[in-house]
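Asker: sequence plus the predicted model coming up.
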Amino acid sequence: NIFNFVFISFYQMVLLWLIATPSLVAYTMAHSSSKPQDIDCETPHGVYAPYNPIGLDGLATLLFLLFVLMESIADNQQYAFQTEKYR
């Protein structure tokens with residue numbers, strides 16, 4: 001019980017913090033009053049919009065979708081294997 005409370009609970013909180021941190025950074029950048037000088041990405045409402053589908057943001061999006069697809073395929077393969085194993 002002490003192991004679960006000390007290690008696993010702490011580890012889960014760190015993971016949740018790491019998951020939420022990119023959203024906090026994106027929110028902070030979108031609502032900050034200053035923007036980088038070399039990027040001209042103003043929206044009609046004057047909110048900084050840094051998303052660039054051709055740059056690193058697009059690459060990160062494609063990699064994320066690729067990894068989700070790979071995970072889905074692996075899950076289906078494991079499910080099929082486990083189902084066939086216990087026939």
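Answerer: Received the coordinates, thanks. Residues are numbered from 1 along each chain as shown.

Asker: so, low pLDDT: which residues of this structure?
Answerer: Residue ranges of the chain with pLDDT under 70: 33-53.

Asker: mind naming the longest helix for it?
Answerer: Selection of the longest helix in the chain by residue count, based on DSSP state H, yields helix 56-85.

Asker: that one: how far from the chain's middle?
Answerer: When C-alpha coordinates are averaged (CA atoms, centre = their mean, to the nearest Å), helix 56-85 and its chain have centres 15 Å apart.

Asker: which residue is nearest the centroid of this structure?
Answerer: residue 19 (6.5 Å; CA atoms, centre = their mean).

Asker: ok but that one is inside a helix, no?
Answerer: Yes: under DSSP: H, G, I helix; E, B strand; the rest coil, residue 19 sits within a helix.

Asker: how close does residue 77 get to residue 68?
Answerer: 15 Å (CB to CB, to the nearest Å). Using the backbone N, CA and C atoms, a C-beta is placed for each residue, glycine as well.

Asker: residue 75 now?
Answerer: Distance from residue 75 to residue 68, by CB to CB: 11 Å.

Asker: same question for residue 20.
Answerer: Going from residue 20 to residue 68 by CB to CB gives 19 Å.

Asker: ok, now residue 12?
Answerer: Applying CB to CB to residue 12 and residue 68 gives a distance of 22 Å.

Asker: can you get me a residue count around residue 29?
Answerer: Residues near residue 29, counting by other CB atoms under 10 Å, number 14.

Asker: what comes up buried for the host helix or strand of it?
Answerer: Assigned by DSSP states H and E, residue 29 falls within helix 9-30. Using 16 or more other CB atoms under 10 Å as the test for burial, helix 9-30 gives no buried residues.

Asker: I'm done for today, thanks for sticking with me.
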